[in-house]
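Q: Sequence and predicted model, in that order:
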Amino acid sequence: MIDIFVGCKQYIQREGVLAEAGNYLKGIGRRPLVLGDELVLSIVRPTLEDRLAAAGLSPSFVLFGDECSLGEISRLEALARQQNLDFIVGTGGGKAIDTSRMVADRMKVPLVTIPTSGATCSAASAVAVVYEKGVRQATVNGKGADLVLVDSATLSRAPKRLLAAGMGDALAKWYEGKPGYDQAQQHDSATQAAMTLSTQVKETVFSLGLEANTDVEAQRNSNAVERVVEADILLTAIIGGLGGSKFRIAVAHALLYGLTVLPQIHQNLHGEMVAYGTIVQLCLEKNENELKVILPFYSQLGLPLTLKEIGLTNAEDPLFWEGLKRTCAPGSSVHNMPFPVDEKKLYQAMLEADERARSLKG
């Protein structure tokens, strides 16, 4: 049986599309709830407010409350119902957009997403990660966006750290998907498509990633930026939808979610932790060929690779070992690997990854 959540219905990516938002949104509803944090709303609201008003819409701009939690979802649902808002617009990054997805799903209203960085695939995905006080609680298959508007000019002016994190997340689809794919005796068409597309994304990111990183540092849009943004947001989301949980995640995402019990981990972006977890996974696999390729590439992107850089400086901290325990708990995606993984093996792989990264950095 095939049971997949493919993602968004329509995806539009081009420079300046934010200024055209009124033309696209007026066919969806009249009273949108536009969600974003303070920084993101300061970027998109001046354009959106004028364009939506000109199109006859009456938006309600609402500040996002920091994390995609059940409390925040309920707060926004109650607000939207009280104000008779008829669709949701999620702006910014992954957590705000995931929250918007959950609110739209509960209310059974349309969802529009407007990402302001290429750091995650949330805008084009149908998956939301739910947290409570920073700790990951669940990954939920939910509502894909009816429309995704990606203004590449806005994304090219975002900090380069965000696009680099997106590349870490995008590459993980191949690295986490392949072990499970290789174990299966048969593949359905969706999983085969996920493998093919993740290979294409891997090739795109390795061939254009450094150029895109340089262009974003100069706040310059380019073909490389456009292609990498497309890979980070659209193609990565499609891979996750086609491949499902057994393809899209393994050690890298499991380690990220397990370590969310540590407060200092939250200084890192989702894709930064996934990139680090990919190195740990490759150490577990003893995959020297891929380590020789990906470690210098990640280093050139400026991704954090050592234990110190991601905030793990005390291996005696009980929360650290609680994080490893959570990573290796029954049902965790860490067990998608073709060999047993426990806390001790995981810790040794983290030490090896740290040693390799420090040696690379000199």
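A: Cool, got the structure. Numbering: from 1, shown residues only.
Q: residues contacting the nearest residue to R106 once chain neighbours are set aside?
A: Of all residues not flanking R106 in the chain, E77 sits nearest, at 5.2 Å (Cβ to Cβ, 6 or more residues apart in numbering). For every residue, glycine as well, the C-beta is placed using N, CA and C. Counting by Cβ atoms under 8 Å, 6 or more residues apart in numbering, E77 touches V103, R106, M107.
Q: If you average pLDDT per helix and strand, which one of the chain comes out bottom?
A: Least confident helix or strand, the chain: helix 245-248 with a mean of 74, by mean pLDDT, DSSP states H and E.
Q: picking that back up, pLDDT at the residue nearest to R106, what is it?
A: pLDDT recorded at E77 is 98.
Q: How about Q186?
A: Predicted confidence (pLDDT) for Q186: 86.
Q: Let's verify it: helix, strand, or coil?
A: With DSSP: H, G, I helix; E, B strand; the rest coil as the basis, Q186 sits in coil.
Q: Going forward, count from 44.
A: All set: I'll call the first residue 44, so the last point we hit is now Q229.
Q: before we move on, the earlier item: who does the least confident helix or strand of the chain touch, helix- and strand-wise?
A: On a contact count with 3 or more Cβ pairs under 8 Å, 6 or more residues apart in numbering; DSSP states H and E, helix 288-291 meets helix 203-226, helix 232-260, helix 279-286.
Q: if we go to 6 Å?
A: Counting contacts by 3 or more Cβ pairs under 6 Å, 6 or more residues apart in numbering; DSSP states H and E, helix 288-291 is packed against helix 203-226.
Q: From the contact counts, what lies against the helix it packs on?
A: Here helix 203-226 touches helix 232-260, helix 279-286, helix 288-291, helix 313-328, going by 3+ Cβ pairs under 6 Å, 6+ apart.
Q: Distance from the chain centre to it, please.
A: Here helix 203-226 is found 10 Å from its chain centre; the criterion is Cα atoms, centre = their mean, to the nearest Å.
Q: Quick check: mean pLDDT of it?
A: Averaged over helix 203-226, pLDDT sits at 96.
Q: If you count neighbours, what's buried in it?
A: Neighbour counts over helix 203-226 (16 or more other Cβ atoms under 10 Å) mark 203-224 as buried.
Q: What pLDDT does the model give I45?
A: 54.
Q: returning to what we had before: please list the members of the contacts of E120 that lie in strands.
A: Nothing among those maps onto strands, per DSSP state E.
Q: okay, those in JSON lines with pLDDT and neighbour count next?
A: Shown next, in JSON lines, are the contacts of E120 (pLDDT from 0 to 100; neighbours: other Cβ atoms under 10 Å):
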{"residue": "V146", "pLDDT": "97", "neighbour count": "29"}
{"residue": "R149", "pLDDT": "96", "neighbour count": "17"}
{"residue": "M150", "pLDDT": "97", "neighbour count": "19"}
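Q: Out of those, which comes closest to A372?
A: Distance to A372 across the contacts of E120 (Cβ to Cβ) is lowest for R149, with 28.1 Å.
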